[in-house]
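Sequence and predicted structure, then a few things I'm wondering about:
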Amino acid sequence: MKFSIYRFDPDSDSAPRMEEHELLDSEIADDMMVLAALKKIKQQDETLGFRKSCGEGVCGSDGMNINGKNCLACITPLKGLSEPVVIRPFPGQPVIRDLIVDMDPFFRQYRAVKPWLTVHDQEPEVEYQQSPEQREQLDGLYECILCGCCSTACPSFWWNPEEFLGPAALLQAWRFVTDSRDQATTERLQALEGPFRLFRCRTIMNCTNSCPKGLNPSDAIGKLREAMLRRSL
Amino acid sequence: MFVLTGMRAWVVQRFSAIVLLLVVPWLFISSPQINTMNYEEWRLWVSGGFNPPLIMGGFTALLFHLWVGIRDVLLDYVRHRLLRLLLLGSVAVLLFWLGLWLALILLRAL
Ligand code: SF4
């Protein structure tokens, strides 16, 4: 199987290049994932850089662009991918080396939405209580593993990474706005005002298409808009 | 008009789009021969019935819709802050002037 892999070391290379690699059919198992192939390629060339950790789509560290789509290498099967498999780092992000990008802008935006419960009342002595319906509101939101596949697939995030929060952070903003235990809804919605933070979203929906966990940031952004509209009426 | 926020601009864009969807087809239907009309016929058409508020409302919606659309493009693609401000200001002045010009034309026709 043929691979074409993005290589760039800003310390020594003047420009990025695509490097060809090949794995023998005998080296490729039927149910093999892209991450396993990358590990084999790294055995041929140990200078190849990529992030990885859990290997089962939970840690979110091996996000990359495979054949034009952002996904997690560890849960993307080789089977069905067209050849050569073109592997690039997340688009529009500063490359640290090869497939490793600087995720700082992404996590800065995540922290900007204050992704923790804010309670103004005195804290209860026992646990916070939620009805099953209130808890259900968090389904499709709490599962986010912060891999960055969505935000780095978003053209608005490419253009304005400093000002536009991006789909992942906005999904988290909605996760706390809709949480029955959180008491900072007004502050959270007010913080999203302005032409950039939320309203650079043009509903392109690349985020929803690329989320490896099947989440829908685009829908969350729509719900945030709706909540802001209702609040302003 | 110049300092539209995120939410307000978003609402204005949707609302003006709805107005345009209603008014533009109606104006086309009600003036099939606008290309061949002489001034007097055009004046009668412009000032007849509900046409004055519809034309003014339609064009106001168009100008606001244009403003939000162009503003979005400039905010997205012009990174240099001073240049962005300059272009936004120029567009706002141009659209305001177009609105004023249109109002004058309509007032003269009434
Ligand atoms: S919403 Fe999906 S794609 Fe975006 S960071 Fe979370 S898990 Fe990754």
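Received it, and whenever you're ready, just let me know what you need.

So which residues on chain A come close to the ligand?
When proximity is defined by CB under 6 Å from any ligand atom, chain A lies next to the ligand at A:144-150, A:168, A:171, A:211, A:213, A:215, A:217. C-beta coordinates here come from the backbone N, C-alpha and C atoms, glycine included.

One more pass at 8 Å, please.
Within chain A, the positions lying close to the ligand (CB under 8 Å from any ligand atom) are A:60, A:63, A:70, A:143-151, A:167-168, A:171, A:207, A:210-215, A:217.

among those residues, which ones are buried?
For the residues of chain A next to the ligand, a burial check counting by 16 or more other CB atoms under 10 Å in any protein chain shown picks out A:60, A:63, A:70, A:144-151, A:167-168, A:171, A:207, A:210-213, A:215, A:217.

Among those residues, name the ones in helices.
When those are checked against helices (DSSP state H), the matches are A:167-168, A:171, A:207, A:210, A:217.

These: which two are farthest apart?
The distance between the two most remote of those (CB to CB) is 12.8 Å, for A:L171 and A:S210.

before we move on, back to that, now the ones in helices among the buried ones among the residues of chain A next to the ligand as CSV including distance to A:G49?
Listed next are these as CSV, based on distance: CB to CB, whole Å:
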residue, distance to A:G49
A:P167, 26
A:A168, 23
A:L171, 28
A:C207, 26
A:S210, 22
A:P217, 28
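
For the residues you listed, give me CSV that also has pLDDT and distance to chain B.
Listed next are those as CSV, based on pLDDT from 0 to 100; distance: CB to the nearest CB, whole Å:
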residue, pLDDT, distance to chain B
A:P167, 98, 16
A:A168, 98, 19
A:L171, 98, 18
A:C207, 97, 17
A:S210, 96, 20
A:P217, 98, 17
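
between those, which is nearest A:E83?
Nearest to A:E83 among those is A:S210, at 21.4 Å by CB to CB.

thinking that closest one is in contact with A:C150, fair?
Yes. Using CB atoms under 8 Å as the test, A:S210 is close enough to A:C150 to be in contact (5.8 Å).

any common contacting residues for these two?
By the contact definition CB atoms under 8 Å, 6 or more residues apart in numbering or on different chains, A:S210 and A:C150 are jointly contacted by A:N70.

How about the contacts made by the spatially most central residue of chain A?
Nearest to the geometric centre of chain A sits A:G148, at 1.9 Å (CA atoms, centre = their mean). Contacts here follow CB under 8 Å, 6+ apart; on that basis A:G148 touches A:60, A:63, A:90, A:103, A:106, A:168.

and if you look at A:L165?
Residues in contact with A:L165 (CB under 8 Å, 6+ apart) are A:109, A:112-113, A:173, A:192, A:197-198.

Also A:K69?
A:153, A:209-210.

how much space between the residue of chain B found nearest chain A and A:Q190?
Using CB to the nearest CB, B:G6 is the residue of chain B that sits closest to chain A, at 3.4 Å. As for B:G6, its distance to A:Q190 is 11 Å (criterion: CB to CB, to the nearest Å).

Count the residues that sit near residue 68.
Using chain A here. By other CB atoms under 10 Å in any protein chain shown, 9 other residues sit near A:G68.

wrong chain, I was asking about chain B
Neighbour tally, B:V68, other CB under 10 Å: 21.

For the residue nearest to A:P16 when sequence neighbours are not counted, give its distance to A:L99.
Spatial nearest neighbour of A:P16, excluding adjacent residues (CB to CB, 6 or more residues apart in numbering or on different chains): A:F8 at 3.7 Å. The gap separating A:F8 from A:L99 is 9 Å, by CB to CB.

and chain B, which of its residues are near chain A?
For chain B, the residues found near chain A under the criterion CB under 8 Å from any CB of the partner chain are B:4-7, B:9-11, B:71-72, B:75-77.

And the residue of chain A that's closest to chain B?
A:F199 (3.4 Å).

Using the three-state scheme, assign that residue.
Assigned with DSSP: H, G, I helix; E, B strand; the rest coil, A:F199 falls in the coil class.

State the helix or strand in which A:Q190 lies.
Secondary-structure element containing A:Q190, defined by DSSP states H and E: helix A:185-191.

if we can go back for a sec, mind listing what the residue lying closest to the residue of chain B closest to chain A once chain neighbours are set aside touches?
Leaving out its chain neighbours, the residue that sits closest to B:G6 by CB to CB, 6+ apart is A:F199, at 3.4 Å. Listed by CB under 8 Å, 6+ apart, the contact set of A:F199 reads B:6-7, B:9-10.

give me that answer again for 10 Å
A:156, A:164, A:192-193, A:221, A:225, A:228, B:4-10, B:13, B:72, B:75 (CB atoms under 10 Å, 6 or more residues apart in numbering or on different chains).

For it, which phi and psi angles does the backbone take?
Backbone dihedrals for A:F199, given as degrees, to the nearest 10, come out at phi -80, psi 10.

just the one 4 residues further on next, same as before
The phi and psi torsions at A:T203 (degrees, to the nearest 10) take the values phi 50, psi 40.

Same question for B:G58.
phi -60, psi -50.

Quick check: which ranges of chain B have low pLDDT?
For chain B, applying pLDDT under 70 flags the ranges B:1-4, B:32.

Try it again at 80.
B:1-5, B:30-35, B:110 (pLDDT under 80).

Near B:D76, how many other residues are there?
16.
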